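Colleague: A structural model of the following input is requested.
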Amino acid sequence: MERRLLNIDEVAEYTGLSKNTLYAWVCQRRIPFVKVGRLTKFDLKDVERWIEENKKKTFDIDKIF
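Modeller: Got it, this is the predicted structure:
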């Protein structure tokens with residue numbers, strides 16, 4: 001069975017973000033999270049979807065000019 005709920009350390013490592021940034025974004029509700037008692041957990045599928053939705057679109061500069 002695949003583990004789906006990640007802690008803050010695991011999400012920080014997965015995304016390359018600092019724990020402080022993640023905690024700030026949790027407070028601002030900028031990233032999906034789940035509260036389990038006093039713990040903040042992240043569903044892996046939600047984090048992956050959030051990354052895809054917030055990915056900056058890249059474009060081919062040669063097609064513009």
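Colleague: residue ranges for the strands of this protein, please.
Modeller: 5-6, 34-36, 39-43 (DSSP state E).
Colleague: between those, which one is nearest to Lys56?
Modeller: strand 39-43 (21.2 Å; Cβ to Cβ). Placement of C-beta: from N, CA and C, glycine included.
Colleague: if I pick the most centrally placed residue in the chain, what's in contact with it?
Modeller: The centre of the chain sits closest to Val47, judged by Cα atoms, centre = their mean, with a distance of 4.2 Å. Under the criterion of Cβ atoms under 8 Å, 6 or more residues apart in numbering, the neighbours of Val47 are 6, 11, 14-15, 31-32.
Colleague: tell me where this structure has helices.
Modeller: Using DSSP state H, the helices of the chain run over residues 8-15, 19-27, 44-54, 61-64.
Colleague: go through the ones you listed and find the least confident stretch.
Modeller: Comparing the helices of the chain by mean pLDDT, the weakest confidence falls on helix 61-64, with a mean of 57.
Colleague: spatially, what comes nearest to Leu44 if we skip its sequence neighbours?
Modeller: Nearest non-adjacent residue to Leu44, counting by Cβ to Cβ, 6 or more residues apart in numbering: Arg4, 5.0 Å away.
Colleague: ditto for Val34
Modeller: Going by Cβ to Cβ, 6+ apart, Val34 has Lys41 as its nearest residue, at 4.8 Å.
Colleague: now swap in Pro32 and tell me
Modeller: Asp46 (4.0 Å).
Colleague: for Asn7, see how far away that neighbour is.
Modeller: Asp46 sits 14 Å away from Asn7, going by Cβ to Cβ, to the nearest Å.
Colleague: kindly report the same for Tyr14.
Modeller: For Tyr14 relative to Asn7 (Cβ to Cβ), the value is 11 Å.
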